[in-house]
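Participant: the following comprises the amino acid sequence and a computationally predicted model.
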Amino acid sequence: MFAFVSGNLALDFAGTVKARATTFDDLLTSPADLDEWLVAADLLDAAPPCDAALLDRAVRLREASYRLALAVVRDEPFADADREIVNELAGGELPGLTLRSDATIARHGGPDAALAAIARSAIEMLGRPERELIKECGRDECTRLYLDTSRGKSRRWCDMTICGNRAKSAAFRARHTD
């Protein structure tokens, strides 16, 4: 259900909305969806149940992070309101980590701690030179942002197996249509 292909936690979180320009397919429509994403993103081993207020904060963070990253892609200034949302949520306590006897990591804390980790990920990406690696998927229907860490900085799609394959298939069909 969730894809982690963007190369950055905040961009993957922003990617919980597919096709913003057309259908706005939101994968976080309930507090339970947010719980599931926080665990799938390896922020928490088990998310205490989120509520509607936390989902609202999460969606505000997601949208602010997306708009800030898109501003980088479009070479536009950051909106102060978006910066304020990210900065505010980044100030919280981070999830705790514990090393287990079997050499695995236990991640614990509340959902607000997980949101702080996402906000800090956005700040670290946007406040460093790596922000220049942010790109938007080249498939028209997709609006996912990702970090292009490919050798030649020539990556065109957020995910080759999904968007890349669809774009190549569509181009093939267009070339072979009577």
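Facilitator: That came through fine. Residues are numbered from 1 along each chain as shown.
Participant: list of residues touching the strand or helix carrying D56?
Facilitator: Assigned by DSSP states H and E, D56 falls within helix 52-73. Helix 52-73 is contacted from outside by 10-11, 13-14, 16-17, 20, 28, 30-31, 34, 50, 77-79, 81-83, 85-86, 89, 111-112, 115, 118-119, 122, 125-126, 131-132, 134-136, 145, using CB atoms under 8 Å, 6 or more residues apart in numbering. C-beta coordinates here come from the backbone N, C-alpha and C atoms, glycine included.
Participant: show me the shaky parts of the protein.
Facilitator: Applying pLDDT under 70 to the chain picks out residues 139, 154-176, 178.
Participant: show me where it has its helices.
Facilitator: 9-14, 31-40, 52-73, 80-90, 111-126, 165-175 (DSSP state H).
Participant: nearest to D102 among these would be which one?
Facilitator: Taking CB to CB, helix 31-40 is the member of the helices of the chain nearest to D102, at 19.2 Å.
Participant: against which helices or strands is that closest one packed?
Facilitator: helix 52-73, helix 111-126 (3 or more CB pairs under 8 Å, 6 or more residues apart in numbering; DSSP states H and E).
Participant: just the buried residues of that helix, please?
Facilitator: Neighbour-count burial for helix 31-40 flags P31, D33, L34, D35, E36, W37, L38, V39 (criterion: 16 or more other CB atoms under 10 Å).
Participant: pretty sure the second one contacts L27?
Facilitator: This means D33. Yes: between D33 and L27 a contact is recorded at 6.3 Å, counting by CB atoms under 8 Å.
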